[in-house]
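Asks: can't give you the sequence, but here's the structure:
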């Protein structure tokens, strides 16, 4: 016999605290004014007629005449999913609520309890949403399905996609407003030797969690699809535990307070050492649970930070920015990963009333304005990575991730920053210039092929150049028929020195050229330090100047002096990295930082001189020229 939602007390949304994977942090407290105060032992439930009632868990009817049966309990779980409709010509998108579909709840934790709240068994749904419990005794059972997936040495269920045989992960979707609890549903009235079907519903007009309880399961599904993509590179990966925090109160904001839903925007971060993805959920403003590209983009930052290496300083950005090279790579990488996860190269993000005012971005094309492309552009990164993926097979909007994965894993062991230049030099060395049409793609995004090699590339005896030591790209950006501007759409031409990705420091010298300038590029910040992307200067290319020091086994002092500004104001800061790790920094009140470091012979050190976040806002329309000396 099959039981459907009209059975007994049906789908019940709960905050299932008892099965949290960790204790609550001290900063995870219930916020007042967001959730109803429920009597002890009660919860909100959806009953057959669709109304909301308070039901006591302790007063559920029990039939005392039922014999304790022994057998199996089986079933399947599905959730309502709302597709995004995008127009890559008009660059628009919207959520198509009238076209919602049922999708299987894959690899979710399913827990079976008896009427006395004793845990009988736990399993995962398979990739068709089905589950099975064997050797069960009892009656009046109930099931909890968590918006969480946890597996150790995952065993293949032979349902495609199926690359993760042997992998381990722990992913949960949680409510950052209400004690960081895992989202879940309950299904009552389960009997032994019966098969049940659980459909987790969505009411697109309902702004409460009851109407939107399918949302956490949609988020989990996208995250698991990304796990499958990464497993193409290594089927037995161990993924660090991650929490995805979503709430119907998560809103775009100026201030940052996740406990009240003020999360600024969807983003990835670490909280007390735990990887966390925050997602927007404010209906008629901006919700991201069905914007699968957005979910996959933020989850890609989690992958980057925990499986590969992430040097990006983050911050607000948009497509026509000239970004710090690490930021450009990180954001373009995440857009490309999202496209690979969904096999859809048109990135879509909905917003507005009824989620009908979103945008679409085709990442697989080159726009006509060549000023948008360089090593400092996320457009360049996403274009290159998508096509390297898609060109791995002969099917449109399909591909293989293995080669990209192999390059990303090398990031952990290199001295250079995680940039498009670094990725491309490693990719060419590993696969050759003609693999996946690589050399043509590199030219498409306005880069000089010779920048990837020491000297000139000949495709025979090339030596990779992670740093573009000859500044081939900088010369090309400055001197081509259509020189690159900074900022790209409204700025002026810059010298090849300005566009140099790294400048070599040789002890005993003083440097003062076009590279030694901090140019916020009119990306002026507002009083709170937040706002539109174009008023956030700190992660832009001109606000971060990078140098290379070859270790010689000696100690050296690096000093910055102002040329057109005084050092009594905190304008510039400096840091030194070794293989991606911070080994020294000067973020003091002086605007002219000084650092002394001991070097190891044969090691490379990266020095970054950058615009201080403490720099007075009134000064940020200026270009700060400086000199740097090393002794």
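Replies: Yep, that arrived. The structure displayed is predicted, hence computed values, not measured ones.
Asks: longest strand of this protein?
Replies: strand 69-81 (DSSP state E).
Asks: now the following helix or strand past it: buried residues?
Replies: Proceeding N to C from strand 69-81, the next assigned helix or strand is strand 84-87, under DSSP states H and E. By neighbour count on 16 or more other C-beta atoms under 10 Å, the buried set for strand 84-87 is 84-86. The way it works is simple: take the backbone N, C-alpha and C, and place the C-beta from them, glycine included.
Asks: for stretch 566-581, same thing?
Replies: Neighbour count says stretch 566-581 has 567, 569-580 buried, by 16+ other C-beta under 10 Å.
Asks: of those residues, which is the nearest to residue 216?
Replies: residue 580 (33.8 Å; C-beta to C-beta).
Asks: could you find the closest non-adjacent residue to the closest one?
Replies: residue 309 (5.5 Å; C-beta to C-beta, 6 or more residues apart in numbering).
Asks: was I right to think the one you found contacts residue 411?
Replies: Yes: with contact defined as C-beta atoms under 8 Å, residue 309 reaches residue 411; the gap is 3.9 Å.
Asks: can I assume residue 483 sits in a helix?
Replies: No: going by DSSP: H, G, I helix; E, B strand; the rest coil, the assignment for residue 483 is coil, not a helix.
Asks: rewinding a little: closest to residue 182 among the buried residues of strand 84-87?
Replies: Of the buried residues of strand 84-87, the one sitting nearest to residue 182 (C-beta to C-beta) turns out to be residue 84, at 25.8 Å.
Asks: got the end-to-end distance for stretch 614-629?
Replies: 23 Å (C-alpha to C-alpha, to the nearest Å).
Asks: which residues are in contact with each of residue 309 and residue 411?
Replies: 418, 580 (C-beta atoms under 8 Å, 6 or more residues apart in numbering).
Asks: these two: which is more packed in?
Replies: Neighbours were counted for residue 309 and for residue 411 using other C-beta atoms under 10 Å; residue 411 has more, 23 against 20.
Asks: what pLDDT is listed against that one?
Replies: Looking at residue 411, its pLDDT stands at 98.
Asks: quick one: contacts for it?
Replies: Here residue 411 is in contact with 308-309, 418, 422, 580 (C-beta under 8 Å, 6+ apart).
Asks: mind putting the buried residues of strand 84-87 in CSV, distance to residue 254 and pLDDT included?
Replies: Listed next are the buried residues of strand 84-87 as CSV, based on distance: C-beta to C-beta, whole Å; pLDDT from 0 to 100:
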residue, distance to residue 254, pLDDT
84, 27, 98
85, 31, 97
86, 29, 96
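Asks: looking at those residues, spot the one nearest residue 390.
Replies: Distances from residue 390 to these, taken by C-beta to C-beta, are shortest for residue 86, at 18.0 Å.
Asks: that closest one and residue 95 touch, don't they?
Replies: No: Residue 86 lies out of contact with residue 95 (C-beta under 8 Å); the separation is 10.6 Å.
Asks: identify the contacts common to these two.
Replies: residue 358.
Asks: tell me the one of the buried residues of stretch 566-581 nearest residue 141?
Replies: residue 580 (51.3 Å).
Asks: quick check, pLDDT for that closest one.
Replies: pLDDT, read off for residue 580, is 95.
Asks: tell me the contacts of it?
Replies: 309, 311, 411-412, 414, 417-418.
Asks: burial count for the closest residue to residue 446 other than its chain neighbours?
Replies: Of all residues not flanking residue 446 in the chain, residue 373 sits nearest, at 4.1 Å (C-beta to C-beta, 6+ apart). Other residues lying near residue 373 total 20 when counted by other C-beta under 10 Å.
Asks: what secondary structure does the residue nearest to residue 580 sit in?
Replies: Once three-state DSSP is applied, residue 309 turns out coil.
Asks: thought residue 463 was touching residue 456?
Replies: No: between residue 463 and residue 456 there is no contact under C-beta under 8 Å: 10.7 Å.
Asks: give me the contact list for the helix or strand that contains residue 296.
Replies: With secondary structure defined by DSSP H and E, residue 296 is part of helix 292-307. Counting contacts by C-beta under 8 Å, 6+ apart, the residues outside helix 292-307 that touch it are 84, 218-219, 222-223, 225-226, 230, 237, 239-240, 242, 244, 266-268, 270, 275, 277-279, 288-289, 310, 330, 333-335, 337-339, 341-342, 344, 347-349, 408-409.
Asks: show the average pLDDT along it.
Replies: 98.
Asks: for stretch 226-233, same thing?
Replies: 98.
Asks: what does stretch 601-618 give?
Replies: 92.
Asks: one more: stretch 479-490?
Replies: Mean predicted lDDT for stretch 479-490 stands at 91.
Asks: and the contacts of that stretch?
Replies: Contacts for stretch 479-490 (C-beta under 8 Å, 6+ apart): 320-322, 369-372, 374, 377, 446, 477-478, 491-494, 496, 498-499, 519, 521-523, 540-542.
Asks: please redo it, this time with the cut-off set to 6 Å
Replies: 320, 322, 370-372, 374, 477, 491, 493-494, 521, 542 (C-beta atoms under 6 Å, 6 or more residues apart in numbering).
Asks: what's the end-to-end length of that stretch?
Replies: Span of stretch 479-490 from end to end, C-alpha to C-alpha: 18 Å.
Asks: can you check stretch 313-321 too?
Replies: First-to-last residue span, stretch 313-321, C-alpha to C-alpha: 15 Å.
Asks: which residue ranges make up the domains of the protein?
Replies: 2-308, 445-630 (automatic domain parsing).
Asks: what are the ranges of the helices in the stretch 401-550 of the chain?
Replies: 402-410, 420-431, 438-444, 472-479, 496-499 (DSSP state H, counting those that start in this stretch).
Asks: these two touch, right, residue 571 and residue 591?
Replies: Yes: the pair residue 571 / residue 591 is scored as a contact, 3.6 Å apart, by C-beta atoms under 6 Å.
Asks: what do these two both touch?
Replies: Shared contacts of residue 571 and residue 591, counting by C-beta under 6 Å, 6+ apart, come down to nothing at all.
Asks: can you list contacts of stretch 235-246?
Replies: 163-174, 176, 219, 275-279, 281, 302, 306.
Asks: which positions in that stretch come out as buried?
Replies: 235, 237, 239, 242-246.
Asks: could I get the residues you listed in JSON lines, plus columns for distance to residue 441 and secondary structure?
Replies: Formatted as JSON lines, these follow (distance: C-beta to C-beta, whole Å; DSSP: H, G, I helix; E, B strand; the rest coil):
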{"residue": "235", "distance to residue 441": "28", "secondary structure": "coil"}
{"residue": "237", "distance to residue 441": "27", "secondary structure": "coil"}
{"residue": "239", "distance to residue 441": "30", "secondary structure": "coil"}
{"residue": "242", "distance to residue 441": "32", "secondary structure": "strand"}
{"residue": "243", "distance to residue 441": "36", "secondary structure": "strand"}
{"residue": "244", "distance to residue 441": "33", "secondary structure": "strand"}
{"residue": "245", "distance to residue 441": "37", "secondary structure": "strand"}
{"residue": "246", "distance to residue 441": "36", "secondary structure": "strand"}
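Asks: and which of these is nearest residue 546?
Replies: Checking these one by one against residue 546 (C-beta to C-beta), the nearest turns out to be residue 242, at 30.4 Å.
Asks: is it possible to get a markdown table of the helices of the stretch 401-550 of the chain that adds distance to residue 605 and mean neighbour count?
Replies: As requested, the helices of the stretch 401-550 of the chain are arranged in a markdown table below (distance: least, C-beta to C-beta, whole Å; neighbours: other C-beta atoms under 10 Å):
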| stretch | distance to residue 605 | mean neighbour count |
| --- | --- | --- |
| helix 402-410 | 19 | 19 |
| helix 420-431 | 16 | 22 |
| helix 438-444 | 28 | 17 |
| helix 472-479 | 21 | 21 |
| helix 496-499 | 21 | 20 |
